[in-house]
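> Here's a sequence, model it:
(one chain, ligands or ions: 1)
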Amino acid sequence: MAVEAREPVVPVADERTLTVLRERALSAMDRAYAPYSGFRVGAALLASDGSITEGCNIENASFPATICAERSAVAAAVSRGNRSFDAVMIATEAEEPTPPCGVCRQVLVEFAPRLAVISVTRGGREARWTLDELLPQAFTPDSMDRR
Ligand code: THU
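Below is the predicted model of the structure:
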C-alpha cells in the first residue's frame, strides 16, 4: 500500500493495529448513509486504551444536519467513556485520500491534540498527517484558561 504523505510525528500504532483500523474504517464506510452526496465516509477511532470505535457519515434531508464520519465516531466513543485518542483512520471511495473537514478537525482536537490522522481509499491509497499540522494554532480547552 502506497504511503504518500510523510509519517506522523506521533508514533502510530503498530502495523497489526493499523490493519484492523483500515478494515474497520472501510466496513464503517459501507454503513454510511449518504443518499444526497453519494460520498460515503467511514472512520475508525483508536482510543488510548486500545479500543476502536467506528463512525460513518449520516446525511439528512435538511442538509446542515448531516454529521461527518469522524464526528460520528467521536460521539460514539465519548458516549462509551473514551476521551483520549491516538489515531483516526478515515476511509472513502475517492481517488485520493481525503483529510477531515475543518469542523471535524476542531472536534477531534478537543480530545486528541496529538492525534495521528490516516486516510485510505477503497483503491488502497493512503496518506498520513498529524492533527497538529492539519489544524495549527487550534483553539483548545487550554485556550479557555487564558481568560
Ligand atoms: N464528510 C465526512 O464524513 N467527513 C469529512 O471529513 C468530509 C465530509 C461527509 C459529509 C457529507 O456526508 C459528505 O461527506 C460530503 O461532504
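> Distance-wise, check the spatially closest residue to Ser51 that is not a sequence neighbour relative to Val120.
Once flanking residues are discounted, Ser51 sits nearest to Asn82: 6.4 Å by Cβ to Cβ, 6 or more residues apart in numbering. In short, each C-beta sits where N, CA and C put it, glycine included. In this view, Asn82 and Val120 are 22 Å apart by Cβ to Cβ, to the nearest Å.
> Tell me where this structure has helices.
Secondary structure of the chain, counting by DSSP state H: helices at 15-30, 69-79, 102-111, 131-134, 141-144.
> if we can go back for a sec, distance-wise, check the residue nearest to Ser51 relative to Arg114.
Relative to Arg114, Asn82 is positioned 15 Å away (Cβ to Cβ).
> Give me the more crowded residue out of those two.
Higher neighbour count among Asn82 and Arg114: Asn82, with 19 against 15, using other Cβ atoms under 10 Å.
> I figured that one hits Ile52, correct?
No: using Cβ atoms under 8 Å as the test, Asn82 is too far from Ile52 to be in contact (9.9 Å).
> Quickly list what's touching both of the two.
Common neighbours of Asn82 and Ile52, using Cβ atoms under 8 Å, 6 or more residues apart in numbering, are Leu45.
> now stretch 28-38, how far from the centre of its chain.
Distance of stretch 28-38 from the chain centroid (Cα atoms, centre = their mean, to the nearest Å) equals 16 Å.
> What's the mean pLDDT across it?
The pLDDT scores in stretch 28-38 average 98.
> buried residues in that stretch?
Under the neighbour-count criterion of 16 or more other Cβ atoms under 10 Å, stretch 28-38 has 28-29, 32, 34 buried.
> wait, which of these is closest to the ligand?
Ala34 (5.0 Å; Cβ to the nearest ligand atom).
> What residues does this structure have near the ligand?
Counting by Cβ under 6 Å from any ligand atom, the residues of the chain close to the ligand are 34, 37, 39, 41, 57, 59, 66, 68-70, 100-101, 104.
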